[in-house]
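Enquirer: Output the structure for:
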Amino acid sequence: MAAAAAAAAAAAAAAVAVPEPEGDIHASLRKRMRKLETGEYPRLGPADLCHTVWVSQGLSLLRSATESGEHHYVYGLDVSTPASIAAYFSTLLSSRGSTVKLCRGTYCTYNAFAEEDVRIHVVLPGSVQSYAVNKHGTRREMTDVKWRQTRICAILRAWEVLHADYALHRPLDVTMSLQNAIVFDVQLTQAQETVFFAQLREAFWIARRLGAPYGETPTFTNNCLTHIVMQMFLNTQRFDKAEEFFSAFLPNSADIAAVVSRIIRKTPKADLMRPLQILTRAAVFVDTNCPAVLMEQSKLMVLDGNLEGAVFLARHATELQPNSNMLWLNLAEVYAAAQRYHLALAALNNIDLDSAASSTSKNANAASSASASSSSSSASAPSISVTSSSLAPSSSPASSASHSSAYAASSYGGGAGTPLGSAGAGASSSSSTLSASSSSSSASHSHSTNTSTSDSAAKPPSASNDPRLSALAAAELSAPLQHCYKLLVSMYRAIGWRELMRKRSEIFLTLDGRPEERFFEDSFVSRMFADEVGREDEIRSATSFEGRTPLHRRPCRPWLNKLFIDLFEDLQFYLRNVKAVSSASERWAAADWFRVAGLADRLNDEVAAHNAYRAALLCDPPPRLRLRQRIFIAQLRLYTKRGDVENALTAASHALKLLSSNADAHSTVLRSLARNCVLRLIGICGFRQVVAIYTGKVRSVDPGSPLRLILKQALAWHVRGT
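Expert: Numbering: from 1, shown residues only. Below you'll find the model as predicted:
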């Protein structure tokens with residue numbers, strides 16, 4: 001208990017949060033209780049709430065004159081005992097100085113297993129009182145089991161933030177609620193990990209109470225506990241530990257076989273026979289018709305090249321569980337791998353993501369309206385034309401010769417990337433080739449961080465904000481919509497825009513309920529993208545379409561319709577500015593270049609993304625500290641994906657150096673993302689190769705050795721890689 005209290009005090013001393021003052025002292029507590037009563041809590045519950053009441057020193061002690069309330073949010077604090085919470089309050093008191101005094105406080109943390117809010121009421125100096133309250137307002141005593149469950153939920157909430165599928169190019173306040181928050185980087189020692197995993201095994205079979213991610217139906221394996229723990233293991237490349245943890249449940253459920261198979265499949269250079277044997281054994285001896293097993297078998301068959309068998313198994317899984325979005329997305333991916341793109345679109349249309357699409361569109365409304373008011377070419381409703389000139393790159397504004405020559409050569413892996421428009425006939429004729437040369441990338445990193453006047457000749461003379469970039473709604477898609485968007489991008493790169501739209505016309509009805517063959521005329525294209533909700537009575541089957549088998553057409557779901565529009569807007573902006581992106585000749589501000597890099601990343605053009613990141617670092621005025629941190633981490637993720645060890649380690653060193661002086665919630669999340677990228681690099685390239693390159697070329701530019709600590713951690717976790 002003393003050790004837990006000391007750990008909490010040490011962690012709190014290093015954290016930074018800006019508390020939010022309260023006009024009404026207990027307003028935050030009442031608001032939290034109202035959400036508990038109405039059932040508005042998310043799956044794992046909200047962030048921990050720390051409510052404090054302060055009194056000014058040296059003034060009157062009357063309550064109405066001197067007491068003031070504040071609150072902030074916490075992720076990852078040790079809540080296993082009341083002593084650790086009391087130590088946290090003591091640290092808050094010591095960090096505020098002598099002008100104010102902390103007289104009392106309440107720490108609220110949610111136990112999602114019991115659906116109770118745990119309250120720890122601390123009076124300084126003096127007493128500590130703990131209890132649990134349910135949605136009816138009934139107080140209940142805390143037991144050892146409830147304390148263990150509460151600690152599990154607190155760590156899972158922190159891991160959900162630290163190991164989420166983090167959208168780096170989305171605004172941080174949109175990506176996750178970190179305002180007025182402290183995020184502790186939960187890294188357990190070996191002894192703590194042993195105890196915690198034992199507690200996880202104890203709670204594993206009741207974890208379906210926590211709900212499932214992305215609105216799925218919770219099961220023994222498809223729940224928040226399994227999803228977050230799996231994500232933590234995969235991000236830290238601890239495949240052996242993950243397999244050991246989940247294999248303990250193999251005899252009890254066929255779904256566990258799918259989880260273990262996925263872990264082995266994600267392992268670099270894994271043998272596909274092992275997961276196939278595990279799945280076959282589970283299907284024969286446990287459950288023949290387990291949808292999770294069928295889905296995992298279909299993924300393995302795609303990797304093995306047996307596309308017909310993969311289609312059969314993926315389709316059978318959706319027949320067994322037709323309400324699962326995850327199964328329909330898997331079927332769409334299998335159809336796309338088998339080049340049955342019209343059926344892939346039909347499978348996507350069975351996914352129910354309309355609520356996610358509506359929330360995403362609300363986030364983009366402000367940016368879209370600002371863009372419409374400032375751009376004369378904007379329209380109130382998107383009018384989509386797919387003529388050859390619509391997606392053709394336009395000539396970019398001229399820029400200085402020194403600026404163009406500084407960015408004409410790109411140090412990205414020593415080779416040219418595949419041009420975005422070269423995939424498919426629809427856009428290949430209009431897009432230009434993006435080339436890359438073999439200049440030194442480590443020099444570009446050191447050059448980008450140097451703010452001396454000698455670099456001014458290589459920077460644009462001025463920078464302006466482009467409202468069209470902030471209006472691209474695809475940058476703020478939720479995680480489920482991002483998966484579907486990536487699938488549409490892969491289909492576009494395979495067959496081109498025209499053919500993708502033709503496939504869309506084969507599957508879905510137009511506004512008047514008729515399948516149109518005169519598809520590429522502007523009026524028909526605009527009408528095809530119009531709102532088609534409520535047209536269920538006009539569903540009909542076509543007699544023929546270019547000799548193909550008749551298909552039953554139906555309206556396109558609103559979220560998928562919006563996703564097509566988002567993809568079109570991305571392609572329209574990108575291909576019209578492809579020359580400016582490839583040569584970095586546009587006079588955009590650093591934030592706009594970062595958005596352009598995110599756009600190129602969404603469209604799988606790694607070379608252009610690399611050029612845009614370099615252009616953002618060399619802008620005048622230079623990017624601010626927060627943006628510079630995110631640029632280096634984005635470069636780290638790009639180099640890691642490509643297996644470029646030296647440039648990845650250099651980018652990681654720069655990013656960690658910039659993050660070392662910050663202890664706020666955003667910096668903690670970014671540090672976790674940088675660490676996960678380095679560990680993933682080790683998993684791809686091997687520990688020996690990474691350490692050799694670090695020792696020979698990067699250690700000299702790694703001040704404070706934050707990168708060395710990550711390598712030592714990888715060694716302790718036995719992350720060896722290939």
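Enquirer: Return the set of buried residues in the helix or strand containing Phe196.
Expert: Using DSSP states H and E, Phe196 sits in helix 190-203. Buried positions in helix 190-203, judged by neighbour count with 16 or more other CB atoms under 10 Å: 196-197, 199-200, 203. Using the backbone N, CA and C atoms, a C-beta is placed for each residue, glycine as well.
Enquirer: a markdown table please, covering the residues you listed and showing pLDDT.
Expert: A markdown table is the format used below for those (pLDDT from 0 to 100):
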| residue | pLDDT |
| --- | --- |
| Phe196 | 95 |
| Phe197 | 94 |
| Gln199 | 94 |
| Leu200 | 94 |
| Ala203 | 93 |
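Enquirer: Switch those residues over to TSV; also include distance to Ile693.
Expert: As requested, these are exported to TSV (distance: CB to CB, whole Å):
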residue	distance to Ile693
Phe196	34
Phe197	33
Gln199	39
Leu200	36
Ala203	42
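Enquirer: what are the C-alpha coordinates of stretch 641-649, in PDB please?
Expert: What follows is stretch 641-649 as a C-alpha-only set of coordinates in PDB (Å, rounded to 0.1, in the frame of the first residue of the first chain):
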ATOM      1  CA  LYS A 641       6.000   1.600 -42.200                       C
ATOM      2  CA  ARG A 642       8.600   1.600 -44.900                       C
ATOM      3  CA  GLY A 643      11.300  -0.100 -42.700                       C
ATOM      4  CA  ASP A 644      13.800   2.900 -43.100                       C
ATOM      5  CA  VAL A 645      15.600   2.400 -39.800                       C
ATOM      6  CA  GLU A 646      18.100   5.300 -39.800                       C
ATOM      7  CA  ASN A 647      15.500   8.000 -40.800                       C
ATOM      8  CA  ALA A 648      13.000   6.500 -38.400                       C
ATOM      9  CA  LEU A 649      15.400   6.700 -35.500                       C
END
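Enquirer: And the average pLDDT for that stretch is what?
Expert: For stretch 641-649, mean pLDDT is 92.
Enquirer: where exactly do the strands run in this structure?
Expert: Remark: strands assigned in the chain by DSSP state E are 20-22, 48-56, 67-75, 100-111, 116-123, 128-133, 139-140, 181-183.
Enquirer: for the ones you listed, which one ends up most surrounded?
Expert: strand 181-183 (a mean of 25; mean count of other CB atoms under 10 Å).
Enquirer: Which other helices and strands does it contact?
Expert: Applying 3 or more CB pairs under 8 Å, 6 or more residues apart in numbering; DSSP states H and E, one finds that strand 181-183 contacts strand 67-75, helix 144-162, helix 665-685.
Enquirer: So for it, mean pLDDT?
Expert: 90.
Enquirer: Partner strands of it and their direction?
Expert: Strand 181-183 has the following sheet partners, assigned by DSSP bridges: strand 67-75 (parallel).
Enquirer: Please enumerate residues in contact with the helix holding Phe196?
Expert: Helix 190-203 has contacts (CB atoms under 8 Å, 6 or more residues apart in numbering) with 113, 148-149, 151-152, 155, 188, 225, 229, 245, 248, 716.
Enquirer: If any of those are buried, put those into a ChimeraX selection.
Expert: The buried subset of the contacts of helix 190-203, as determined by 16+ other CB under 10 Å, is captured in ChimeraX by this line:
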select :113,148,149,151,152,155,225,229,245
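Enquirer: Look up how far Ala154 lies from Leu77.
Expert: 7 Å (CB to CB, to the nearest Å).
Enquirer: Name the residues contacting each of the two.
Expert: Contacts common to Leu77 and Ala154, judged by CB under 8 Å, 6+ apart, are Asp48.
Enquirer: Out of the helices and strands packed on strand 181-183, which one sits most buried?
Expert: helix 665-685 (a mean of 24).
Enquirer: Counting by contacts, list what that one packs against.
Expert: Judged by 3+ CB pairs under 8 Å, 6+ apart, the packing partners of helix 665-685 are helix 144-162, strand 181-183, helix 224-235, helix 625-642, helix 645-659, helix 687-693, helix 706-716.
Enquirer: Please compute how far it lies from its chain's middle.
Expert: 13 Å (CA atoms, centre = their mean, to the nearest Å).
Enquirer: OK, contacts around Ile710?
Expert: Ile710 neighbours (CB under 8 Å, 6+ apart): 652, 675, 678-679.
Enquirer: Can you tell me which of the contacts of helix 190-203 is nearest Ala590?
Expert: Ile155 (36.5 Å; CB to CB).
Enquirer: And that closest one, how far from Phe245?
Expert: To Phe245, Ile155 is 15 Å away according to CB to CB.
Enquirer: before we move on, back to that, which one of the strands of the chain lies nearest to Glu606?
Expert: Per CB to CB, nearest to Glu606 of the strands of the chain: strand 181-183, 30.0 Å.
Enquirer: Compute the number of surrounding residues for the residue nearest to Tyr41 when sequence neighbours are not counted.
Expert: Excluding the flanking residues, the one nearest Tyr41 by CB to CB, 6 or more residues apart in numbering is Lys35, at 6.0 Å. Applying other CB atoms under 10 Å, we find 16 residues neighbouring Lys35.
Enquirer: So Lys35 sits against Leu49, correct?
Expert: No. Using CB atoms under 8 Å, Lys35 is not in contact with Leu49; the gap is 10.7 Å.
Enquirer: pLDDT weak spots in the stretch 451-600 of the chain?
Expert: Scanning the stretch 451-600 of the chain for pLDDT under 70 picks out 451-464, 510-552, 582-585.
Enquirer: re earlier: could you point out which of the contacts of Ile710 is nearest to Asp304?
Expert: Leu679 (28.0 Å).
Enquirer: tell me the contacts of the residue lying closest to the closest one once chain neighbours are set aside?
Expert: Nearest residue to Leu679, sequence neighbours excluded (CB to CB, 6+ apart): Gln237, at 4.7 Å. Gln237 sits next to 679-680, 682-683, 714, 717, 719, 721 when contact means CB under 8 Å, 6+ apart.
Enquirer: Dump stretch 487-500 to CSV, restricted to CA.
Expert: The C-alpha coordinates for stretch 487-500 follow below in CSV (Å, rounded to 0.1, in the frame of the first residue of the first chain):
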residue,chain,number,x,y,z
LEU,A,487,-11.1,0.2,-48.5
LEU,A,488,-12.6,2.7,-51.0
VAL,A,489,-9.1,4.2,-51.5
SER,A,490,-7.7,0.7,-52.3
MET,A,491,-10.5,0.1,-54.8
TYR,A,492,-9.9,3.4,-56.4
ARG,A,493,-6.2,2.7,-56.8
ALA,A,494,-7.0,-0.7,-58.3
ILE,A,495,-9.6,0.3,-60.9
GLY,A,496,-9.7,4.1,-61.0
TRP,A,497,-12.5,6.6,-60.3
ARG,A,498,-14.6,6.1,-63.4
GLU,A,499,-14.8,2.3,-63.0
LEU,A,500,-15.5,2.7,-59.2
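Enquirer: Could you list the buried residues of it?
Expert: By 16+ other CB under 10 Å, the buried positions in stretch 487-500 come out as 487-493, 495-500.
Enquirer: Then stretch 586-593?
Expert: Within stretch 586-593, the residues that qualify as buried are 586-593, counting by 16+ other CB under 10 Å.
Enquirer: And that stretch, end to end?
Expert: End-to-end span of stretch 586-593 (CA to CA, to the nearest Å): 9 Å.
Enquirer: do stretch 611-629 as well
Expert: Length of stretch 611-629, first residue to last, CA to CA: 17 Å.
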